[in-house]
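**Q** here are the coordinates; sequence isn't available:
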């Protein structure tokens, strides 16, 4: 089997590439740069952007299936940039599959596509898309997910996976943000509720993609469906944050601010950053304030049922691996 992995140089994409290579599959990565780790794995690398339709279609030539992992992530940025990368880029991936007769497409979505600012406790795939999004990332990912699911047909089987808060060794997004802000003393608990939150260790998230791909074909039970993916071990949010900080020998978060104050701060920061076109991300946004103050954990029984997903690496084991990795990073 020959697979195209968009974003193969990224955190999740890189682990998917590794797992595919370990079982003997050929892999081509489409990314904006070149990565020595992919070269070492024996993966073919093609440089290109999702916004470039010709580049995406060329990269898919000769492939049997596509893992569309690449996306523009983040809590801040222009809607145009998110739309171009996440929506237009996904349109190009679908077009590439259709042009080359590729009959399997696995799309990496996000649980944020159903987040409306309120608690989600044991949510399943019947949750609707909200009418309004407080950030451009979930808005664009929701549009892209709907495009993918609508493309399911007798010739192209598609599925969308929604891994929640991926972390582990090699993380270049969530873990570094937590550690950097923790060391600087800039982290604050939002409220005092023990709001339960799901996370997923990166190897579990990657393995779910391979398991879904192996059960995916036109007319299968997986085709046309979306699935929540997590470790199935929801923990109080700030307990998980403090355990990640402990893995990096950083003191726990003890100070807090009320949720209403955090939301008000988010509104003010968004207004100032937009009005004065301040570079970088604001320290707080409405979306982040709600994310940090609410519960969001999910029922993963559909993934267990339809393609045998079982988290193999527990949070405890994952944190041990993370601590080992962090302690061996250059200072």
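**A** Nice, I can see it. Owing to the predicted nature of the structure, the values given are computational and were not obtained by experimental measurement.
**Q** residue ranges with poor pLDDT in the stretch 1-150 of the chain?
**A** Scanning the stretch 1-150 of the chain for pLDDT under 70 picks out no residues.
**Q** What segments of it are strands?
**A** 2-6, 26-31, 44-47, 65-68, 104-108, 120-123 (DSSP state E, counting those that start in this stretch).
**Q** For the ones you listed, give me JSON lines that also has mean neighbour count and distance to residue 193.
**A** The C-beta positions use only the backbone N, C-alpha and C, and glycine is treated the same way. Converted to JSON lines, the strands of the stretch 1-150 of the chain look like this (neighbours: other C-beta atoms under 10 Å; distance: least, C-beta to C-beta, whole Å):
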{"stretch": "strand 2-6", "mean neighbour count": "26", "distance to residue 193": "38"}
{"stretch": "strand 26-31", "mean neighbour count": "24", "distance to residue 193": "39"}
{"stretch": "strand 44-47", "mean neighbour count": "16", "distance to residue 193": "45"}
{"stretch": "strand 65-68", "mean neighbour count": "28", "distance to residue 193": "36"}
{"stretch": "strand 104-108", "mean neighbour count": "27", "distance to residue 193": "30"}
{"stretch": "strand 120-123", "mean neighbour count": "16", "distance to residue 193": "12"}
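**Q** need those strands in TSV with distance to residue 311, can you?
**A** Listed next are the strands of the stretch 1-150 of the chain as TSV, based on distance: least, C-beta to C-beta, whole Å:
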stretch	distance to residue 311
strand 2-6	21
strand 26-31	24
strand 44-47	30
strand 65-68	19
strand 104-108	17
strand 120-123	16
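**Q** looking at these, which is closest to residue 158?
**A** strand 104-108 (4.5 Å; C-beta to C-beta).
**Q** picking that back up, between the strands of the stretch 1-150 of the chain, which one is nearest to residue 256?
**A** Closest approach to residue 256 among the strands of the stretch 1-150 of the chain is made by strand 120-123 (21.6 Å; C-beta to C-beta).
**Q** Determine the set of other helices and strands touching that closest one.
**A** strand 296-298 (3 or more C-beta pairs under 8 Å, 6 or more residues apart in numbering; DSSP states H and E).
**Q** Pull out the buried positions in the strand it packs on.
**A** Buried residues in strand 296-298, defined by neighbour count with 16 or more other C-beta atoms under 10 Å: 296-298.
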